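Chemist: build me a structure from this.
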Amino acid sequence: MKKVLVLCTGNSCRSQIAEGYLRHFANEKAEIYSAGVETHGVNPRAIATMKEDGIDISNHTSNNIDEYLNIDFDFVITVCDNAKERCPYFPTNAKKFHYNFPDPAKATGTEEEISTEFRRVRQLIKNYCQEFVDENLFIE
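Modeler: Numbers count the residues shown, from 1 in each chain. Below you'll find the predicted structure:
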């Protein structure tokens, strides 16, 4: 079974959303993990935004990359430039992917404007994850 790590700065938002979608699209045919170079806790808006799309990430935890140093990942996906720059030393032969998604946690404005940004980024991540699974995990 393939092992996939999604890596972000704080493992609170983008990587959590990506973990949720990768788990959904891989349908238990891959082991999906997410971590950060720091841990900031799972963002409540990320949980709420995913729930709107029928995916429950409320039981996810914010994990530090150091917790996974002994796992031989097949794929490492960095979802922000900061994580890519701060973690080039990750000790694995994993195939590396990178996409710098906007950080919805930095959205400002009214509640509706912030929610709209979370939904926009969620859709970008959802599309990316579906494509990643289709092209790399060879799932029927």
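
Chemist: for Leu5, what are its contacts?
Modeler: Applying Cβ atoms under 8 Å, 6 or more residues apart in numbering to Leu5 gives the contacts Tyr33, Ser34, Ala35, Tyr68, Ile71, Phe73, Phe75, Val76, Ile77, Ala94. Glycine gets a C-beta too; all of them are placed from N, C-alpha and C.

Chemist: same for the longest helix anywhere in the chain, what does it pack against?
Modeler: Ranked by residue count, the top helix of the chain under DSSP state H comes out as helix 111-136. Counting contacts by 3 or more Cβ pairs under 8 Å, 6 or more residues apart in numbering; DSSP states H and E, helix 111-136 is packed against helix 14-26, helix 44-52.

Chemist: and for the residue positioned nearest the centre of the chain, nearest residue in space, chain neighbours not counted?
Modeler: Closest residue to the average C-alpha location of the chain: Ser15 at 2.2 Å, with Cα atoms, centre = their mean. Distances taken as Cβ to Cβ, 6 or more residues apart in numbering place Cys8 nearest to Ser15, at 3.6 Å, with adjacent residues excluded.

Chemist: ok, now which ones touch that neighbour?
Modeler: Per Cβ under 8 Å, 6+ apart, neighbours of Cys8: Arg14, Ser15, Ser34, Ala35, Gly36, Thr78, Val79, Cys80, Ala83.

Chemist: ok, now with 7 Å
Modeler: Arg14, Ser15, Gly36, Val79, Cys80, Ala83 (Cβ atoms under 7 Å, 6 or more residues apart in numbering).

Chemist: give me the pLDDT value at Gln16.
Modeler: Gln16 is assigned 97 on the pLDDT scale.

Chemist: number of nearby residues for it?
Modeler: 27 (other Cβ atoms under 10 Å).

Chemist: and which of the contacts of Cys8 is nearest Ser62?
Modeler: Gly36 (6.6 Å; Cβ to Cβ).

Chemist: so how far is Cys80 from the residue nearest to the centre of the chain?
Modeler: Separation of Ser15 from Cys80 (Cβ to Cβ, to the nearest Å) stands at 8 Å.
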